[in-house]
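In: here is a sequence with its predicted model. Questions after.
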Amino acid sequence: MPSSAFGAADFRVFDVKGFHTRMAAIRSRVRPKLEALARSLAPAIQRATGEPAHAHVARHARRTVNPPDDTWVAFAGSERGYKKHPHFKVAVSRNCVRFLFEIGPEHADKRRWAAAWKKSAPQLAPVLRRAKGLAWFKNEHDEQAAAPLSDLSPETLAALGDELTRTRDGQFVVGRAVTAEEAARWSEADYRAAALETFRALAPLFRLR
């Protein structure tokens with residue numbers, strides 16, 4: 001069974017030039033490890049959220065020319081897909097691994113979720129600001145966080161929900177990034193622990209309606 005721990009060579013896949021060559025490397029080296037993570041994490045995520053956690057490993061089916069700069073496994077309540085639903089994600093790119101909660105641009109009802117977030121933020125924001133290493137990302141593909149949640153006031157954190165509806169591509173992304181240098185030394189147990197620590201802290205966001 002493939003390991004679910006990413007080594008230094010797995011991160012270097014994103015240095016490979018050319019669409020077909022990089023996609024072949026992703027399929028052979030990275031995707032099997034994402035699939036192993038999916039099997040390992042899905043039951044625990046379901047217990048943490050109290051909702052189904054169906055795993056969706058990225059296929060990059062829409063891409064035909066430009067090779068992806070990251071790839072991922074997402075966990076959502078829907079078996080059919082994740083983009084229209086709140087989801088967790090483990091994303092791998094050249095310089096880091098990210099453990100994320102996302103409401104993406106294709107969410108089915110961003111306005112409703114944003115309203116639920118703003119209503120709950122006064123209770124949730126202080127807890128999230130104290131959680132280890134959590135940060136806000138402007139975009140789901142960003143390797144660098146825009147700001148640690150601990151640096152944001154509860155009012156500023158609540159206002160991030162407005163980003164969902166301010167533009168067509170608005171999104172809400174929070175989570176934790178770990179450098180490739182550090183993550184390449186991790187064991188499978190380390191990856192599982194980091195993912196579940198992050199997702200359990202963010203589970204109340206997954207349940208917002």
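Out: The structure has been received and is ready for your questions.

In: any buried residues in the helix or strand of the chain with the lowest mean pLDDT, and which?
Out: Lowest on mean pLDDT, DSSP states H and E among the helices and strands of the chain sits helix 162-166, with a mean of 89. By 16 or more other C-beta atoms under 10 Å, the buried positions in helix 162-166 come out as 163, 164. C-beta coordinates here come from the backbone N, C-alpha and C atoms, glycine included.

In: can you give the contact residues for it?
Out: 103, 107, 110, 111, 113, 114, 170, 171, 172 (C-beta atoms under 8 Å, 6 or more residues apart in numbering).

In: adding secondary structure, neighbour count and pLDDT, write the residues you listed out as CSV.
Out: Output for the contacts of helix 162-166, formatted as CSV (DSSP: H, G, I helix; E, B strand; the rest coil; neighbours: other C-beta atoms under 10 Å; pLDDT from 0 to 100):
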residue, secondary structure, neighbour count, pLDDT
103, strand, 26, 97
107, coil, 21, 95
110, helix, 20, 94
111, helix, 11, 93
113, helix, 21, 95
114, helix, 22, 94
170, coil, 17, 93
171, coil, 18, 96
172, strand, 23, 96
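
In: of those, which is the nearest to residue 9?
Out: residue 171 (30.9 Å; C-beta to C-beta).

In: my guess is that closest one meets residue 140, correct?
Out: Yes: contact criterion C-beta atoms under 8 Å: residue 171 and residue 140 qualify, at 6.1 Å.

In: ok so, going back, farthest-separated two in the contacts of helix 162-166?
Out: Maximum distance among those (C-beta to C-beta): 13.5 Å, for 111 and 171.
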